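J.: Got a predicted model here, sequence first, then my questions.
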Amino acid sequence: MMMTTLDHIDEHRWELVVRRERDDRFRFGVTTTGIYCRSGCPARTPRREHVRAFADARAAEEAGFRACKRCEPDEATPDAARQRAIERACALLDGPEPPALDAVAHAVGLSRFHFQRLFRRAVGVTPGEYVRARRAARLRAELSAGARVTDALLEAGFGSPNRAADDGALGMTPSRFRAGGRGERIAYACAASSLGSVLVATTARGVCAIELGDDEEQVRTALARRFPHAEVQADPGALQATLASVVRSIDAPDERLALPLDVRGTAFQRRVWRALRTLRCGETTTYAALASALGAPHAARAVAAACAANPVAVAVPCHRVVGSDGALRGYRWGVQRKRALLEREAQRAG
């Protein structure tokens, strides 16, 4: 049975209107404008004596009110309206000088807490992580286009090269990134394993690549494609212990391969990679389950893309992610290698 129009909005609903908190269980109309809204609307708060509450959009329209164009209270699916709110938030956060979080939340008609929760659920990262990722993307675009380092930093929203380095935006200094990685020193070493050749490469900060292939030429070519302008040198002596631990993790997997990593990716990719490193030997998950664990239940495809972009085989165990039906969906180093790794880990865990 439809609830009739409330002559006066009650205290609880009025507080929601004032605080601009979303509650889709009612709508409110303003008698002086003839417009009805949902609580959380970013429009100016009306005087309480001019406000009437309704059970839903239909009741408001039957009383002669028309829908607000800002909060779209006649939207049939609340999720669609929420998605538009997140899209508006992303547009505000995309600039080189994004507004404060409170201001963005207010602009899209949500409380700070509600906004943060919805944003992470929809986008897969927090608003702060989104801002940092977008700033890093602008910096990469400016440098790739040939802009001077100082100009690129200012245009992207960084105050200094040190801030860009601290933010992990490039994985190297801006000047080296602009030169296509020239000046970056990478040491590598190769060894044989039961799954073919293994290559481990490191920078001064940690392991930047672990490649698997049929032979040494294939893994060296993969490294060259990843770092086309870096100074790459073979250094088997310095990497002997690291390489041996990687080979052991392939041939006789046990616990997590604990290595310092220097991996470069988007904010969401890094979240996926961190989550993968918490999986134990013999443990598997699905793309959908991992997306839900990250607070982004609709981001299964983005999780799969992050797995495909993983630069360090075994150290970030993306082979432990399977389809919802248990099928092996893919592995950048070959599905057969993925199957072999999982079978060995299952045997060790059993």
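T.: Okay, I see it.
J.: and the chain, what are its domains?
T.: The chain breaks down by automatic domain parsing into domains covering 11-67, 78-124, 130-178, 185-241, 267-349.
J.: Which one of those domains lies nearest to Leu257?
T.: Checking the domains of the chain against Leu257 by Cβ to Cβ gives domain 267-349 as the closest, at 4.9 Å. (Each C-beta comes from the backbone N, C-alpha and C, glycine too.)
J.: okay, how far is it across the closest one, tip to tip?
T.: Terminal residues of domain 267-349 are spaced 32 Å apart (Cα to Cα, to the nearest Å).
J.: Stretch 329-342 too?
T.: Distance between the boundary residues of stretch 329-342 (Cα to Cα) amounts to 13 Å.
J.: So what's the gap between that stretch and the chain middle?
T.: Taking Cα atoms, centre = their mean, to the nearest Å, one finds stretch 329-342 lying 24 Å from the centre of the chain it belongs to.
J.: Name the residues that touch it?
T.: With contact meaning Cβ atoms under 8 Å, 6 or more residues apart in numbering, stretch 329-342 is reached by 194-196, 211-213, 250, 253, 284, 287, 304, 308, 310, 313-314, 318-320, 322-323, 328.
J.: now those: which count as buried?
T.: Buried members of the contacts of stretch 329-342, scored by 16 or more other Cβ atoms under 10 Å, are 195-196, 211-213, 250, 253, 287, 304, 310, 313-314, 318-320, 322.
J.: Can you flag the weakest of the domains of the chain by average pLDDT?
T.: Sorting the domains of the chain by mean pLDDT places domain 130-178 lowest, at a mean of 55.
J.: the helices in the stretch 151-300 of the chain, which residues?
T.: Remark: helices assigned in the stretch 151-300 of the chain by DSSP state H, counting those that start in this stretch are 161-166, 174-178, 216-226, 240-251, 267-276, 287-293, 300-308.
J.: how about TSV for the domains of the chain, with distance to Leu257 added?
T.: Putting the domains of the chain into TSV (distance: least, Cβ to Cβ, whole Å) gives the following:
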stretch	distance to Leu257
domain 11-67	44
domain 78-124	25
domain 130-178	20
domain 185-241	9
domain 267-349	5
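J.: follow-up on the earlier one: could the helices of the stretch 151-300 of the chain be laid out in a markdown table, adding distance to Arg84?
T.: Putting the helices of the stretch 151-300 of the chain into a markdown table (distance: least, Cβ to Cβ, whole Å) gives the following:
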| stretch | distance to Arg84 |
| --- | --- |
| helix 161-166 | 32 |
| helix 174-178 | 35 |
| helix 216-226 | 38 |
| helix 240-251 | 46 |
| helix 267-276 | 21 |
| helix 287-293 | 22 |
| helix 300-308 | 20 |
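J.: what's the burial count for Gln336?
T.: Gln336: 11 surrounding residues under other Cβ atoms under 10 Å.
J.: in a strand, that's where it is, yeah?
T.: No: going by DSSP: H, G, I helix; E, B strand; the rest coil, the assignment for Gln336 is helix, not a strand.
J.: Now Leu195. Nearest residue, chain neighbours left out?
T.: The spatially closest residue to Leu195, leaving aside those adjacent along the chain, is Arg337, at 5.0 Å (Cβ to Cβ, 6 or more residues apart in numbering).
J.: neighbours around that neighbour, how many?
T.: The tally of other residues near Arg337 (other Cβ under 10 Å) stands at 21.
J.: Distance of it relative to Ile250?
T.: Using Cβ to Cβ, to the nearest Å, we find Arg337 at a distance of 9 Å from Ile250.
J.: Now the common contact residues for the two.
T.: In contact with both Arg337 and Ile250: Leu195, Leu212, using Cβ under 8 Å, 6+ apart.
J.: Leu261: which of the domains of the chain is closest?
T.: Of all those, domain 185-241 sits nearest to Leu261, with 4.8 Å by Cβ to Cβ.
J.: Helix or strand: which one has Ala53?
T.: Using DSSP states H and E, Ala53 maps to strand 51-54.
J.: Packing partners of that strand?
T.: helix 11-19, strand 23-30 (3 or more Cβ pairs under 8 Å, 6 or more residues apart in numbering; DSSP states H and E).
J.: got the angle for the longest one vs strand 23-30?
T.: Meaning helix 11-19. For helix 11-19 against strand 23-30, the angle by axes from the mean of the first three to the mean of the last three Cα atoms, to 10 degrees is 80 degrees.
J.: Buried residues, helix 11-19. List them.
T.: Arg13, Trp14, Leu16, Val17.
J.: quick one: contacts of it?
T.: Residues outside helix 11-19 that contact it (Cβ under 8 Å, 6+ apart) are Ile9, Asp23, Phe26, Phe28, Ser39, Gly40, Thr45, Arg48, Val51, Ala53, Ser111.
J.: quick one: which of the residues you listed is nearest Gln83?
T.: Of all those, Gln83 sits closest to Gly40, with 14.3 Å by Cβ to Cβ.
J.: Contact partners for the closest one?
T.: When contacts are counted by Cβ under 8 Å, 6+ apart, Gly40 touches Leu16, Arg20, Glu21, Arg22, Asp23, Cys71, Gly109, Leu110.
J.: nearest to Ala224, of those residues?
T.: Leu110 (47.7 Å).
J.: Contacts only, for the closest one.
T.: Leu110 makes contacts with Arg20, Glu21, Arg22, Gly40, Ala85, Leu118, as judged by Cβ under 8 Å, 6+ apart.
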